[in-house]
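Undergrad: From the sequence below, what's the structure:
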Amino acid sequence: MRHSQEGKASLERYRLASARIFSEIGQTLRANVGKNRFILERASIDEIFLDVTDHAYSSVSAWGGNSTDSAELNSLTEAAQKETVVFGNANRPDSASGDDHTDEDARAIRRGCIVAKGVRNAVRDALGFTMSAGISINKT
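TA: Predicted coordinates:
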């Protein structure tokens with residue numbers, strides 16, 4: 001509890017931590033998704049918006065370029081989907097119809113989950129901070 005004689009709280013430590021996290025996310029994405037394959041925007045001191053649409057719909061590896069084993073990739077995908085909030089419904093009823101567009105969207109959402117998990121893990125491992133992440137088909 002703060003005492004009145006201490007004055008106004010300083011947010012400097014919070015700002016420094018935020019800058020370190022933002023930097024770590026950028027470095028991690030450049031290393032694992034690729035330079036210029038994502039958009040990273042600071043939404044506030046403790047919130048970012050990350051657009052990996054181009055990467056999610058591409059045919060390159062989902063994360064790091066080294067996961068060619070399908071069993072390993074399936075395991076990573078399953079873990080990522082369990083740990084990530086998905087806004088909208090990637091598993092719409094029409095996905096069973098064989099509609100290629102829907103299958104492509106579901107695949108892109110899964111790849112977004114993998115990116116979110118990779119970013120959260122990198123920040124936790126490098127800086128000790130935990131993060132939450134959500135996946136959506138659009139920014140709004």
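Undergrad: Give the residue spans of the chain that score low on pLDDT.
TA: 1-7, 65-77, 79, 81, 84-101, 140 (pLDDT under 70).
Undergrad: Taking the centroid of it, which residue is nearest it?
TA: Taking Cα atoms, centre = their mean, the centroid of the chain lies closest to residue 116, which sits 2.4 Å from it.
Undergrad: quick one: that one from residue 8, how far?
TA: 35 Å (Cβ to Cβ, to the nearest Å). No exception for glycine: its C-beta is placed from N, CA and C like everyone else's.
Undergrad: what's the answer for residue 132, then?
TA: As judged by Cβ to Cβ, residue 132 and residue 8 stand 28 Å apart.
Undergrad: who has more neighbours, the two?
TA: Counted by other Cβ atoms under 10 Å, residue 132 and residue 8 do not tie: residue 132 has more neighbours, with 10 against 6.
Undergrad: For the protein, which segments count as helices?
TA: 12-32, 53-56, 70-83, 100-127 (DSSP state H).
Undergrad: Select, out of those, the one closest to residue 44.
TA: Comparing the helices of the chain against residue 44 with Cβ to Cβ, the closest turns out to be helix 12-32 (8.9 Å).
Undergrad: and the closest one with helix 100-127, angle?
TA: Following axes from the mean of the first three to the mean of the last three Cα atoms, to 10 degrees, one obtains 130 degrees for the angle between helix 12-32 and helix 100-127.
Undergrad: Nearest residue to residue 131 in space, please, no chain neighbours.
TA: residue 120 (4.8 Å; Cβ to Cβ, 6 or more residues apart in numbering).
Undergrad: ok, now how distant is the residue nearest to residue 31 when sequence neighbours are not counted from residue 10?
TA: Using Cβ to Cβ, 6+ apart and skipping the chain neighbours, the partner closest in space to residue 31 is residue 64 (7.6 Å). Distance, residue 64 to residue 10, by Cβ to Cβ: 38 Å.
Undergrad: When those two are compared, which one has more neighbours?
TA: Higher neighbour count among residue 64 and residue 10: residue 64, with 13 against 9, using other Cβ under 10 Å.
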